[in-house]
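Participant: model this:
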Amino acid sequence: MLRRYPDAGEPLSCKPITKGLLNHGYRVSTTRGSYFLKHHLDDSTGDRATIVRQHRATQRLQSLGVPVAPPVQDTEGDTVTEIGGRCYALHPWVDGLHRAGAQLSTDQSERLGALLGAVHTGLEQVMGAGAGAGAGLAQRTGGSVGSGGSVRAVGSGGSVGSVGSVGSVGSVGSVGHRSPDPADTFALIDDLLAVARRRHSRDAFDELAEHRLLERRTLLERHADRRPPTPGPPATGWVHGDFHPLNVLYRGGDPVAILDWDRLGVQPRAEEAVRAAAIFFVLPAGKLELEKVRAYARAYRRAAGASAAELAAAVHRVWWERLNDFWILRWRYCLDDRRADPQFPAVSALAVWWTREYEAVCEAFTG
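Facilitator: Numbers count the residues shown, from 1 in each chain. Okay, the predicted model is just below:
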């Protein structure tokens, strides 16, 4: 691999990085420094053309002053290496730490909002009028939790045995950005309840899952008439697609690199701002730090030129998305993948708290 990058030096060590749910990463040390080697595994974003699009976007964003870590070019000027049908990319290693919202001051929260606004306006410049060309990509990738390292919703429709593309964000990637249909969610709740209840050795997680599923069904029955309409084209644009704490590196109090552009695509922009805040600023009890949200959202609106009405609509759509979102339970019960289990208590509690404090949350994003 490194022979394709003569300036990288001779390899000394290659250590796997544990963080990250969709792709594999390695810290490669050489005689000339350290690098991050990314092994693209996610089928929805791991094809060469999609990766090249991401790389070109980050190269152009760097020229605008956005903190990113574009890939290293090989002797042919390429940034993607294919070995055995899989794609790899070599990036400069960036020293830094991940910071959750609890570790950010109000001023740093404001800077975070301004940074995301700069990403959106920068992408509008570097991707040009390519929103139409990117729509297919956005629909194919489904958006982002990072997630989150991507922890994102798998979607709420279909049966429990039909998981779909792991890593998509609710129904963001669906045609026309339609919001989840509660009828589909009711069917999914029934399926997940059946799986959780028939487990032979139930634990505390299964008990909590059953409680939250029953609770969510009651909330959806009560609020089914509040399903948001489909947003029009003016609300969409190029977005990072997975903006959360594990994809932002800090050195001291300043962000030095935005990582993992796999979910780059065309989506409702303000929704990314709301989703990111719901990940950065959620407390373990499932509440949002609204003072920090307010500072973050004001800075984002200024930097992105987004109106309060645009943020209010995004708050409503992401709230609804959260009510219909069971991606962690899908991973556990459909894929037998428990890596996201620790996030379930806070994530599931947030949907309940957000419903109860809906007006306060909306004011924090728009005030």
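Participant: Tell me where the stretch 51-200 of the chain is predicted with low confidence.
Facilitator: Along the stretch 51-200 of the chain, the parts satisfying pLDDT under 70 run over 129-176.
Participant: Could I get the full set of strands for it?
Facilitator: Counting by DSSP state E, counting those that start in this stretch, the stretch 51-200 of the chain has strands at residues 81-83, 86-92.
Participant: counting contacts, what elements does the helix or strand containing residue 322 pack onto?
Facilitator: Assigned by DSSP states H and E, residue 322 belongs to helix 308-323. Helix 308-323 is packed against helix 204-223, helix 269-280, helix 290-304, helix 344-356, helix 358-366, with contacts defined by 3 or more C-beta pairs under 8 Å, 6 or more residues apart in numbering; DSSP states H and E. Any C-beta I mention is one placed from the backbone N, CA and C, and that applies to glycine too.
Participant: Name the next helix or strand following it along the chain.
Facilitator: Past helix 308-323, the next helix or strand by DSSP H and E is helix 327-334.
Participant: what's the offset of that following helix from the middle of its chain?
Facilitator: 17 Å (C-alpha atoms, centre = their mean, to the nearest Å).
Participant: swap in stretch 313-331?
Facilitator: Centroid separation for stretch 313-331 versus its chain: 13 Å, with C-alpha atoms, centre = their mean.
Participant: CA atoms only for that stretch, dumped as CSV, please.
Facilitator: What follows is stretch 313-331, C-alpha atoms only, in CSV (Å, rounded to 0.1, in the frame of the first residue of the first chain):
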residue,chain,number,x,y,z
ALA,A,313,-39.3,23.4,10.5
ALA,A,314,-36.1,21.4,10.9
VAL,A,315,-36.8,21.0,14.7
HIS,A,316,-40.2,19.6,13.9
ARG,A,317,-39.0,17.1,11.3
VAL,A,318,-36.1,15.9,13.5
TRP,A,319,-38.4,15.5,16.5
TRP,A,320,-40.7,13.4,14.4
GLU,A,321,-37.8,11.4,13.1
ARG,A,322,-36.7,10.7,16.6
LEU,A,323,-40.2,9.5,17.6
ASN,A,324,-40.1,7.0,14.7
ASP,A,325,-36.4,6.0,15.2
PHE,A,326,-35.4,2.6,16.5
TRP,A,327,-32.0,2.1,14.8
ILE,A,328,-30.3,0.9,18.0
LEU,A,329,-32.9,-1.7,18.6
ARG,A,330,-32.6,-2.8,15.0
TRP,A,331,-28.9,-3.3,15.4
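Participant: quick one: average pLDDT of it?
Facilitator: Averaging pLDDT along stretch 313-331 gives 96.
Participant: Please apply the same query to stretch 273-283.
Facilitator: Stretch 273-283 carries an average pLDDT of 97.
Participant: for stretch 24-37, same thing?
Facilitator: pLDDT averaged over stretch 24-37 gives 94.
Participant: what's the span of it, first residue to last?
Facilitator: Using C-alpha to C-alpha, to the nearest Å, the end-to-end distance of stretch 24-37 comes out at 8 Å.
Participant: Do I have it right that residue 192 meets residue 326?
Facilitator: Yes. With contact defined as C-beta atoms under 8 Å, residue 192 and residue 326 form a contacting pair (6.2 Å).
Participant: Now list whatever residues contact both of those two.
Facilitator: Shared contacts of residue 192 and residue 326, defined by C-beta atoms under 8 Å, 6 or more residues apart in numbering, are found at residue 213.
Participant: What confidence value was assigned to the residue most central in space within the chain?
Facilitator: Within the chain, the residue whose C-alpha comes closest to the C-alpha centroid is residue 242; the distance, by C-alpha atoms, centre = their mean, is 2.7 Å. On pLDDT, residue 242 comes in at 95.
Participant: element containing it?
Facilitator: Under DSSP H and E, no helix or strand contains residue 242.
Participant: Now it: phi and psi?
Facilitator: Backbone geometry at residue 242, expressed as degrees, to the nearest 10, gives phi -160, psi 50.
Participant: Also residue 33?
Facilitator: Main-chain dihedrals, residue 33, degrees, to the nearest 10: phi 140, psi -160.
Participant: who's in contact with it?
Facilitator: In this structure, residue 33 makes contact with 8, 9, 92, 93, judged by C-beta under 8 Å, 6+ apart.
Participant: list the contacts for the second one?
Facilitator: Remark: with contacts taken as C-beta under 8 Å, 6+ apart, residue 9 is in contact with 2, 30, 31, 32, 33.
Participant: rerun that using 10 Å as the cut-off
Facilitator: Contact analysis of residue 9 by C-beta atoms under 10 Å, 6 or more residues apart in numbering lists 2, 28, 29, 30, 31, 32, 33, 35.
Participant: now swap in the last one and tell me
Facilitator: By C-beta under 10 Å, 6+ apart, residue 93 lies in contact with 27, 28, 29, 33, 34, 35, 36, 37, 69.
Participant: distance of it from residue 50?
Facilitator: Separation of residue 93 from residue 50 (C-beta to C-beta, to the nearest Å): 24 Å.
Participant: can you give me the helices in the stretch 101-250 of the chain?
Facilitator: Taking DSSP state H, counting those that start in this stretch as the test, the helices found in the stretch 101-250 of the chain are 106-126, 131-141, 182-197, 204-223.
Participant: I'd guessed residue 2 sits against residue 26; true?
Facilitator: No. Using C-beta atoms under 10 Å as the test, residue 2 is too far from residue 26 to be in contact (11.6 Å).
Participant: quick revisit: return the subset of the contacts of residue 9 lying in strands.
Facilitator: Among the contacts of residue 9, the members found in strands (DSSP state E) are 28, 29, 30, 33, 35.
Participant: Which strand residues bridge the first one?
Facilitator: Translated: residue 28. residue 14, residue 35 (DSSP bridges).
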